[in-house]
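**Q** model the following, please.
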Amino acid sequence: MSFGLELGDSGAGGRRVMGHDRRVTDPTPPTPTPGLEELRFFDTRTRQLQRFEPLHPPTVGVYTCGPTVYALQHLGNMRSQLFPDLLRRVLVAGGYDVTYVTNITDVGHLVNDDQDAGEDKLEAAAASTGQTAAEIAAFYTEQWATDRRRLGCLEPDLVPRAAAHIPEQIEMVQALEASGHTYVIDDGVYFDVSTFPRYEAFAGLDLDELETSGRVERVADKRHPADFALWKLTPPGVQRQQEWDSPWGRGFPGWHIECSAMATKYLGTQFDIHTGGVDHVRVHHTNEVAQSESVLGVHPWVRLWMHNEFLDLAGEKISKSKGHVLVVDSLVERGLDPLAFRYFFLQAHYRQQQAFTWEAVEAAATALRRLVGHAVAARDADGAPDAAKVEPHLRRFWSALADDLNAPQALAAVWEAVRADDLSPADRWAVLADADRALGFGLATATAPVSDETGSDPRIDALVAERTAARAAKDFATSDRIRDDLAAEGIELVDTPTGTTWRRR
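**A** Numbers count the residues shown, from 1 in each chain. Next comes the predicted model:
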């Protein structure tokens, strides 16, 4: 059962960015960076932290649920891109040959997918703006791609669009129908969850509770509230911008079948890692598992499922529906480098909810400026690094990431190296350059931070005051640390009998 093109062929709907083809499996084990000899990740399916063992080492296939391109992608959406980017970087550092696929949903995602109800989000956006669905999808796809780059994310190997993979989706629905997993009602073709005994297992659902609670509203003639649409039929008398002929009538695919068809086409009938936001677990990913394992006859379809938690704003997840549309441009408008949001993201574990405040992101921006300042100063220094001194720091850094991507601990290891008295500038640069393979700050080409030219900076004034207080308390370690951090930013402190002043070098 092929479901379209052979693996490694991008097809008309796949935008191959890096030209990375799947390779014939080489049994030679990968040579990992010290500290990454054993990777351990939390698996949503088994609810356990487990050792990562790819299906066909050293190749690893990773699929991420990408954007629905009907509106701007907010910072919460981008957190679900930063997380797999970190994962991918760690896998590469671990010696693996990674094929990374993230899709574009440009059709089939309904306003209320839990209930298989409402308009298609692209169709609704087109109706409200007067633009075509294709124009809207193209505009917001480019916005998403640009924002990924601004946040330091590596380019995906493949970016398939759902609307360009209709034949593969129809073929998969036909195969499900032939094997007795579907039924047809007036508004479309549905997957019968009673034909998949493991349906409840992935997300720990209770189908009886779903049926009696009323939390999942019934579509007329659905056999069970959890049954989900595979192909939606265009209602009589309605003409949509995005609809196709099918064996069941003119219509469009369900959201869930899109990811199954595209992931299978580009990564195979089984692959290593599927990522997405935690909000996908109970519906979208549960349905992906059910339809994929039913049609492909495999278990598990995906070896490891990894999900990132929400970004919170004042106790609520950031969402378009609540009006909390903070985007990458919001950072720029506030005078912040978008990479400050990447640093902010790395300060929390991907499986923990992270509270967004401007104060927290501005603090991350300050920390990033200091880190860049240290990196530039060390990068430009003479001398060769001492491998014996560098290796323990790098091992601590990579070991933290090997432990379920513990980015906060990895950042702490970097700062420990930056402030280590026994490391030379060349040693520090060796640590920073290697760590940046995962951090993604572009330290090798970064320029020294520059403050405004007015000679007045409240942040620097506050740090100078903090250092003065530390000196008065004979806390020379804190005093020296502040002096060194400012020096890394190009700020020189001048101690005089009447106090401390500062100037830019």
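**Q** what stretches of the stretch 251-400 of the chain score poorly on pLDDT?
**A** Scanning the stretch 251-400 of the chain with the threshold set as pLDDT under 70 gives 315-324.
**Q** how about the helices in it?
**A** 255-267, 286-296, 328-333, 339-346, 358-379, 387-402 (DSSP state H, counting those that start in this stretch).
**Q** pipe these into a markdown table and attach mean neighbour count per row.
**A** C-betas here are computed from N, CA, C, even on glycine. Below are those laid out as a markdown table (neighbours: other Cβ atoms under 10 Å):
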| stretch | mean neighbour count |
| --- | --- |
| helix 255-267 | 27 |
| helix 286-296 | 25 |
| helix 328-333 | 16 |
| helix 339-346 | 24 |
| helix 358-379 | 19 |
| helix 387-402 | 19 |
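**Q** among the ones you listed, which comes closest to residue 471?
**A** Residue 471 sits nearest to helix 358-379 of all these, at 19.8 Å, using Cβ to Cβ.
**Q** where does residue 85 land on pLDDT?
**A** pLDDT recorded at residue 85 is 98.
**Q** so which of the helices of the stretch 251-400 of the chain gets nearest residue 96?
**A** Of the helices of the stretch 251-400 of the chain, the one closest to residue 96 (Cβ to Cβ) turns out to be helix 387-402, at 12.6 Å.
**Q** can you give the contact residues for the closest one?
**A** With Cβ atoms under 8 Å, 6 or more residues apart in numbering as the test, helix 387-402 has contacts from 33-40, 86, 90, 93-94, 406-407, 409-410, 412-414, 416-417, 420, 422-423, 427, 430-431, 434-435, 438.
**Q** circling back: can I get the helices of the stretch 251-400 of the chain in TSV with distance to residue 311?
**A** Formatted as TSV, the helices of the stretch 251-400 of the chain follow (distance: least, Cβ to Cβ, whole Å):
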stretch	distance to residue 311
helix 255-267	22
helix 286-296	23
helix 328-333	13
helix 339-346	9
helix 358-379	11
helix 387-402	21
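**Q** tell me the domain boundaries of the protein?
**A** Split into domains by automatic domain parsing, the chain comes to 14-308, 328-439, 458-504.
**Q** which of these comes out lowest on mean pLDDT?
**A** domain 458-504 - the lowest mean pLDDT of the domains of the chain, at a mean of 81.
**Q** tell me the centre residue of the protein?
**A** Centroid check for the chain by Cα atoms, centre = their mean gives residue 81 as the closest residue, at 2.3 Å.
**Q** who's in contact with it?
**A** Per Cβ under 8 Å, 6+ apart, neighbours of residue 81: 64, 102, 148, 151, 153.
**Q** CA atoms of the helix or strand containing it as PDB?
**A** Following DSSP states H and E, one finds residue 81 within helix 75-93. Extracted as PDB, the C-alpha positions of helix 75-93 are listed here (Å, rounded to 0.1, in the frame of the first residue of the first chain):
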ATOM      1  CA  LEU A  75       3.800  33.100  19.800                       C
ATOM      2  CA  GLY A  76       2.000  30.100  21.300                       C
ATOM      3  CA  ASN A  77       2.000  28.500  17.800                       C
ATOM      4  CA  MET A  78       5.700  29.300  17.400                       C
ATOM      5  CA  ARG A  79       6.500  27.500  20.700                       C
ATOM      6  CA  SER A  80       5.400  24.300  18.900                       C
ATOM      7  CA  GLN A  81       8.000  25.100  16.300                       C
ATOM      8  CA  LEU A  82      10.800  26.000  18.700                       C
ATOM      9  CA  PHE A  83      10.400  22.700  20.600                       C
ATOM     10  CA  PRO A  84      10.900  20.300  17.600                       C
ATOM     11  CA  ASP A  85      13.700  22.500  16.400                       C
ATOM     12  CA  LEU A  86      15.500  21.900  19.600                       C
ATOM     13  CA  LEU A  87      14.700  18.200  19.400                       C
ATOM     14  CA  ARG A  88      16.000  18.000  15.800                       C
ATOM     15  CA  ARG A  89      19.300  19.900  16.700                       C
ATOM     16  CA  VAL A  90      19.900  17.400  19.600                       C
ATOM     17  CA  LEU A  91      19.300  14.400  17.400                       C
ATOM     18  CA  VAL A  92      21.700  15.700  14.800                       C
ATOM     19  CA  ALA A  93      24.300  16.400  17.500                       C
END
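**Q** mind putting the domains of the chain in CSV, distance to residue 445 included?
**A** Shown next, in CSV, are the domains of the chain (distance: least, Cβ to Cβ, whole Å):
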stretch, distance to residue 445
domain 14-308, 12
domain 328-439, 10
domain 458-504, 17
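**Q** quick one: the strands in the stretch 101-250 of the chain?
**A** 110-112, 117-120, 158-160, 182-185, 188-191, 228-233 (DSSP state E, counting those that start in this stretch).
**Q** where's the fifth one relative to the chain centroid, distance-wise?
**A** What it means is strand 188-191. In this view, strand 188-191 has its centroid 30 Å away from the chain centroid, taken as Cα atoms, centre = their mean, to the nearest Å.
**Q** of all the helices of the stretch 251-400 of the chain, which one comes closest to residue 308?
**A** Of the helices of the stretch 251-400 of the chain, nearest to residue 308 by Cβ to Cβ is helix 339-346, at 9.4 Å.
**Q** that closest one versus helix 358-379: what angle between them?
**A** 100 degrees (axes from the mean of the first three to the mean of the last three Cα atoms, to 10 degrees).
**Q** which ones are touching residue 356?
**A** Taking Cβ under 8 Å, 6+ apart, one finds 75, 311-313, 318, 326 in contact with residue 356.
**Q** report the buried members of these.
**A** 75, 311-313, 318, 326 (16 or more other Cβ atoms under 10 Å).
**Q** export these to TSV and append columns for distance to residue 495.
**A** What follows is the buried ones among the contacts of residue 356, written out as TSV (distance: Cβ to Cβ, whole Å):
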residue	distance to residue 495
75	42
311	43
312	43
313	43
318	45
326	42
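**Q** so which elements touch the helix or strand containing residue 494?
**A** Taking DSSP H and E as the criterion, residue 494 maps to strand 491-496. Counting contacts by 3 or more Cβ pairs under 8 Å, 6 or more residues apart in numbering; DSSP states H and E, strand 491-496 is packed against helix 458-472, helix 476-488, strand 499-504.
**Q** contacts for it?
**A** 451, 460, 464, 467, 483, 486-487, 500-505.
**Q** 10 Å - rerun?
**A** Residues from elsewhere that reach strand 491-496 (Cβ atoms under 10 Å, 6 or more residues apart in numbering): 373, 449, 451, 457, 460, 463-464, 467-468, 471, 479, 482-483, 485-487, 500-505.
**Q** one more: stretch 424-431?
**A** In contact with stretch 424-431 (Cβ under 10 Å, 6+ apart) are residues 374-394, 396-397, 413-414, 416-420, 423, 443-444.
**Q** where along the stretch 101-250 of the chain do the helices fall?
**A** 121-129, 133-150, 166-178, 207-213.
**Q** looking at the ones you listed, spot the one closest to residue 339.
**A** helix 133-150 (7.8 Å).
**Q** so what secondary structure elements neighbour that closest one?
**A** helix 75-93, helix 121-129, strand 158-160, helix 328-333, helix 339-346 (3 or more Cβ pairs under 10 Å, 6 or more residues apart in numbering; DSSP states H and E).
**Q** need these in TSV with distance to residue 360, can you?
**A** Shown next, in TSV, are these (distance: least, Cβ to Cβ, whole Å):
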stretch	distance to residue 360
helix 75-93	12
helix 121-129	31
strand 158-160	31
helix 328-333	12
helix 339-346	6
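**Q** now for the ones you listed, which one comes closest to residue 281?
**A** Nearest of the helices and strands packed on helix 133-150 (Cβ to Cβ): helix 75-93, 12.7 Å.
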